[in-house]
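*Asks:* Here's my sequence, what's the structure:
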Amino acid sequence: MTVLTVRQLAAGYDSARPVFSDVDLRLDEGEITSLLGPNGAGKTTLLRAIIGLLPVRHGTVTVDGVPLAALSARQRARCIGYVPQREDLDPGMSVFDAVLIGRAPHRGWMLPWRRADLGAAEDALRQVDILEHRDRLLGELSGGERQRVALARALAQQPAVMLLDEPVAHLDPGHQVALFRVLRQLATAGTAILMTLHDLNQALQWSDRTVLLADGGCVASGRPQEVLTPERIRQVYGVRAVTGIVDGVPVIRYDSG
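*Replies:* Below you'll find the model as predicted:
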């Protein structure tokens, strides 16, 4: 079932021309969609427009058939979780309290936390393997650890849709794989996931669907192997590539010749 739909979307900054135009996108329950494209293609801009942090020039975003513009900020936060590339968090806040903020859309700011809220925050910390740091201050954490805290906060929201902007950019290989496994578990449970990536091999391995942005619009969308062909990689990224299969997993190798 389609949870979120983007139709003919255009967005940009100030009075400049749109970063992209006429983008169509759908996020289905239980699927991971990777959003790819070269630097400046508009991947982050698209996420910000979908979540409502950036005004759209034209087009619509609907969640379960309801226009996003008709929802309050609290209603949006109940159904869409967002993990940006970087987030300014209070360095004096504890890890657990930072994750608890994710429960605010379900409880409100002035009411005391319920047992269910505390349990959801603890479960989220456990999922991203950072529960042992629950009492540490954010200012004491590494960049990768703070990224996992941001993900845990979004998990604590328990949204139907999750948008993640380069979620593995600051993580070591072990935690990258662990994060992708968490996302796969979420998708299996029914969450619709959209994540921006630069690593095409990660998109091939972990995505059910791929959307490729370039030249101010959507170049292609579909199954990763259908989208990420050598011809299209050369067209969009300007590099030669060879595709193959290793241990049953599709891979891309960049040709230095």
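*Asks:* and the spatially closest residue to Q75 that is not a sequence neighbour, how many neighbours?
*Replies:* Leaving aside its sequence neighbours, Q75 sits nearest to P105 (C-beta to C-beta, 6 or more residues apart in numbering; 7.9 Å). Yep, even glycine has a C-beta here, placed from its N, CA and C like the rest. Residues near P105, counting by other C-beta atoms under 10 Å, number 21.
*Asks:* Show the contacting residues for P105.
*Replies:* If a contact means C-beta atoms under 8 Å, 6 or more residues apart in numbering, then P105 has 74-75, 77-78, 157 as its contacts.
*Asks:* from memory R240 sits against R253, does it?
*Replies:* No. Between R240 and R253 there is no contact under C-beta atoms under 8 Å: 9.7 Å.
*Asks:* re the thing from before, just among the contacts of P105, which is most surrounded?
*Replies:* Q157 leads the contacts of P105 on contacts (other C-beta under 10 Å) with 23 neighbours.
*Asks:* my guess is it contacts R103, does it?
*Replies:* Yes. Judged on C-beta under 8 Å, Q157 makes contact with R103 at a distance of 7.3 Å.
*Asks:* Output the below-cut-off pLDDT ranges for this structure.
*Replies:* 15, 108-110, 256-257 (pLDDT under 70).
*Asks:* Might you report the residue contacts of the residue nearest the centre of it?
*Replies:* Closest residue to the average C-alpha location of the chain: L164 at 1.7 Å, with C-alpha atoms, centre = their mean. L164 sits next to 82-83, 151, 154, 183, 193-196 when contact means C-beta under 8 Å, 6+ apart.
*Asks:* ok, of those, which one's closest to A116?
*Replies:* A154 (17.3 Å; C-beta to C-beta).
*Asks:* what sits against the nearest residue to L89 once chain neighbours are set aside?
*Replies:* Of all residues not flanking L89 in the chain, L138 sits nearest, at 5.1 Å (C-beta to C-beta, 6+ apart). L138 makes contacts with 89-95, 98, 146, 149, as judged by C-beta under 8 Å, 6+ apart.
*Asks:* Go ahead and build a PyMOL selection from the buried members of those residues.
*Replies:* Entered in PyMOL, the line below selects the buried ones among the contacts of L138, by 16 or more other C-beta atoms under 10 Å:
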select buried, resi 89+93+94+95+98+146+149
